[in-house]
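Asks: no sequence for this one, just the structure:
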C-alpha cells in the first residue's frame, strides 16, 4: 500500500500480536470492516517458514521474524528462559505493561479476588 492510499474501515486495530489478531478476527466475524496495523516489516510467508526451518532452536517462536527498532518485540537471551521486552518506553522509562502493573490496575492491587467468576 502506498503512503497516499486512503482506506476506510469500521475499526482500526493497532498491533497484530495475539490480542490484536483475536480482536480483529472477532470484529470481522461480527461483520465489521477491520484494518489491522503492524509496526513490523511485511514478510512473505515462505521467507518466515524458511527462517524457522533454518534456526537451530525450534522453541524460539520469534526467531523467524526480524527485530525492528520501532516495533516492540520479545528478545531471548541465554537459554535461561529470561524474556526481555524490547521497544519504546513511556515517560516513566518502562513499557506500558509494567506501568499499568505499578499503577495498581490489576485485581490483586485493587483488593479484588484473583479468582475468575462466571457471569
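Replies: Ah, there it is. Keep in mind the model is a prediction, meaning the values are calculated, not measured.

Asks: Could you point out the longest helix of the protein?
Replies: helix 18-29 (DSSP state H).

Asks: For whichever strand or helix holds residue 35, name the packing helices and strands.
Replies: For residue 35, the host element (DSSP states H and E) is strand 34-37. Counting contacts by 3 or more Cβ pairs under 8 Å, 6 or more residues apart in numbering; DSSP states H and E, strand 34-37 packs against strand 11-14, helix 18-29. Quick note: C-beta positions are derived from backbone N, CA and C, even for glycine.

Asks: for the longest one, which positions count as buried?
Replies: I take that to be helix 18-29. 24, 27 (16 or more other Cβ atoms under 10 Å).

Asks: do the same with the first one
Replies: Residues of strand 11-14 classed as buried by neighbour count (16+ other Cβ under 10 Å): residue 13.

Asks: partners of it in the sheet?
Replies: strand 34-37 (parallel) (DSSP bridges).

Asks: And the contacts of the strand it pairs with?
Replies: For strand 34-37, contacts defined as Cβ atoms under 8 Å, 6 or more residues apart in numbering pick out 7, 9-16, 20-21, 24, 27-28.
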